[in-house]
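1. Sequence and predicted model, in that order:
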Number of protein chains: 2
Amino acid sequence: MHTILKGKGKDVVIGIDKPFVMIGEKINPTGNKKLAAALKEGSYDFALELAKRQIAWGAEVLDVNVGVPMIDEVEAVKKIVELLVANVDAPLCIDSNSPQVLEAGLKATPGKPLVNSVSAEEKSLSAILPIVKDRGAAVIGLTIADGGIPKTPEERVAMAGKIIERAAQIGIPIEDIIIDPLVMTVGSDSKAAQVTIQTIEILRREFGVNINLGASNVSFGLPDRQTANQTFLAMAIQTGATCSITDPIKLGQTIRAADLLLGKDDFAMRYIKYFRAAEKLKEADAVKA
Amino acid sequence: MHTILKGKGKDVVIGIDKPFVMIGEKINPTGNKKLAAALKEGSYDFALELAKRQIAWGAEVLDVNVGVPMIDEVEAVKKIVELLVANVDAPLCIDSNSPQVLEAGLKATPGKPLVNSVSAEEKSLSAILPIVKDRGAAVIGLTIADGGIPKTPEERVAMAGKIIERAAQIGIPIEDIIIDPLVMTVGSDSKAAQVTIQTIEILRREFGVNINLGASNVSFGLPDRQTANQTFLAMAIQTGATCSITDPIKLGQTIRAADLLLGKDDFAMRYIKYFRAAEKLKEADAVKA
């Protein structure tokens, strides 16, 4: 099953038979004061810089989140998307809880964007799916029920099924739904990663859908988060995750290694090319610093 | 299925329901000129230093290889084992191609040691298995046929079956055989890692045996071997590998992360403890340097 996203000048295909797709997470003001301040001032150049930097590090899709308190997010998403579309080819992933912000972002985006995200909560399904359908977009479906995040793989799979079914009812095909099975930290629940891994296994078997993961929650509160995140991502990719909203600078090399080890990189060409590009980018950063 | 190794003062249990066991690989003169020179001079203090350092980094078993050209290996293995046994509690893994060296090393070792290794080649089976049986040791079985390393998982599993059967005929129980399914570099064959992963899957399903891996061959000839090795090890552990002859300094944190993510480390206690110990060891190294 292939999820096809289209940017101004580039198509990206997500699928189990394709290399893993990195969706750059860094255009998001949460935890990024510099970006938050720029958005408050109506300045978008820094967002464009983040976009280019992530693409250089291998991001093929860019998540765009403009969630800053007290700004006009509808205006902000429109402006930022216009600037990105004028300067980069990558498909965009419009990231917001607000239907209005999503609509404005999607309207400004050419091709076929991704929506981040819908959940299996009634309120979310009824508000978000029609927007996805109207725009002909793809959407990330979070396995969150009305009562919260289910504890068992079976319940999470049921929530994925609910999203897929409700989407089908209004004409969104299953290949345009990327399920995110969510992961909680193993710092407080030692079974948390395995619940997610088992959810991925069942999702692949029962639905064959594409699967997105944010890999960094798994290590919340732990030391050496980098090693824990790399290890989890390797396991999740082996199990069937096909894309991740992530920081390519931190996890790009692990992702290229996973593709290589899964037999998706003949003669290690992509792996070696990525390593060389990363070395150059690090050198350039060292010169700047 | 549990493989139980016994040192002078410590038992180590290898099993799928147990944390992953690191077998320290560094007492091996191949590629270590300082150790090779020391062994030539009949000096074993450096080997003891390597032993203590690996234990500090989490090795629970120590591989002992004294393969240096032009020395009396029988004498060397006897001396080195005696020194190790007098100073460390960990079970030993006697590593040699020579039946005489294995016998001498095993004789000097108390408890229940491991033998590295037997293959499915006739010459190896007939020479090594009786030594393992006589000593009541456990043994690592390499999936090498008389014609070389088989290309397919099924053929490798057949070689594992041959070792297990021949061992059973002379009274070595299956739980004392740890199969090493071997891995070649993905640099020259993009399917190499998957052949090993699939071999692990079948071995677990058909025999339920413990599985050893040397993780570093997989990245031979590639850049950033550390990331490739970490990623492969994560995948292999998830699939069912239960121990590795490895460098704990390079891969210990990834192994602890894998245990944690597989739900084998309540409240991340071992992971956090390991991280803190590693920080202290790195600080001590920095002071020395």
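-> Okay, I see it.

2. How about the stretch 1-150 of chain A: which residue is closest to chain B?
-> Closest residue of the stretch 1-150 of chain A to chain B, Cβ to the nearest Cβ: A:Phe20 (11.5 Å). Heads up, the C-betas are built off the backbone N, CA and C, glycines and all.

3. okay, that residue: pLDDT?
-> Looking at A:Phe20, its pLDDT is 98.

4. if you skip the residues just before and after it, what's nearest to it?
-> Leaving aside its chain neighbours, A:Phe20 sits nearest to A:Ile255 (5.1 Å; criterion: Cβ to Cβ, 6 or more residues apart in numbering or on different chains).

5. quick one: pLDDT of that neighbour?
-> Reported pLDDT for A:Ile255: 98.

6. what's near enough to touch it?
-> Neighbouring residues of A:Ile255 by Cβ atoms under 8 Å, 6 or more residues apart in numbering or on different chains: A:Phe20, A:Met22, A:Gly58, A:Leu233, A:Ile237, A:Ser244, A:Thr246, A:Pro248.

7. Quickly note the distance from the residue of the stretch 1-150 of chain A closest to chain B to A:Leu260.
-> Distance from A:Phe20 to A:Leu260, counting by Cβ to Cβ, to the nearest Å: 11 Å.

8. For the two, indicate the residue with more neighbours.
-> With neighbours defined as other Cβ atoms under 10 Å in any protein chain shown, A:Phe20 and A:Leu260 compare such that A:Leu260 has more, 30 against 23.

9. and the more buried one, how far is that from B:Ser124?
-> To B:Ser124, A:Leu260 is 32 Å away according to Cβ to Cβ.

10. Tell me where chain A has helices.
-> With DSSP state H as the criterion, chain A has helices at A:33-40, A:45-56, A:73-87, A:99-108, A:122-135, A:153-169, A:192-206, A:225-239, A:248-261, A:269-288.

11. ranking the ones you listed by mean pLDDT, which is last?
-> Between these, the one with the least mean pLDDT is helix A:269-288; it has a mean of 92.

12. coming back round to it: between the helices of chain A, which one is nearest to B:Val85?
-> With Cβ to Cβ as the criterion, B:Val85 lies closest to helix A:225-239 of those, at 33.5 Å.

13. So which elements touch the closest one?
-> In terms of contacts (3 or more Cβ pairs under 8 Å, 6 or more residues apart in numbering or on different chains; DSSP states H and E), helix A:225-239 is packed against helix A:192-206, helix A:248-261, helix B:225-239, helix B:248-261.

14. so who does the spatially closest residue to A:Cys93 that is not a sequence neighbour touch?
-> In space, and not counting its chain neighbours, A:Cys93 is closest to A:Leu114: 4.0 Å by Cβ to Cβ, 6+ apart. Residues near A:Leu114 by Cβ under 8 Å, 6+ apart: A:Leu5, A:Ile23, A:Val61, A:Pro91, A:Leu92, A:Cys93, A:Ile94, A:Ala137, A:Ala138, A:Val139, A:Ile140, A:Ile178.

15. Is A:Leu114 bridged to anything, and to what?
-> For A:Leu114, the beta-bridge partners under DSSP bridges are A:Cys93, A:Ala138.

16. per-residue confidence for the most centrally placed residue in chain A?
-> The structure's chain A has its C-alpha centroid closest to A:Ile245; by Cα atoms, centre = their mean the separation is 2.8 Å. pLDDT, A:Ile245: 96.

17. OK, contacts around it?
-> Here A:Ile245 is in contact with A:Ile23, A:Glu25, A:Asp63, A:Cys93, A:Asn116, A:Ile140, A:Asn212, A:Leu213, A:Gly214 (criterion: Cβ under 8 Å, 6+ apart).

18. A:Asp17 too?
-> Counting by Cβ under 8 Å, 6+ apart, A:Asp17 makes contact with A:Lys264.

19. what does A:Val81 give?
-> Applying Cβ under 8 Å, 6+ apart, the residues contacting A:Val81 are A:Val64, A:Leu92, A:Ile94, A:Gly105, A:Ala108, A:Thr109.

20. residues in contact with A:Glu154?
-> A:Glu154 makes contacts with A:Ile202, as judged by Cβ under 8 Å, 6+ apart.

21. I'd like the distance between it and A:Ser188.
-> 22 Å.

22. same deal with A:Pro173?
-> Distance of A:Pro173 to A:Ser188, given as Cβ to Cβ: 38 Å.

23. cool, A:Glu82 as well?
-> 42 Å.

24. same deal with A:Pro153?
-> 18 Å.

25. Could you do A:Ile200 as well?
-> According to Cβ to Cβ, A:Ile200 stands 21 Å off from A:Ser188.

26. Perfect, that will be all.
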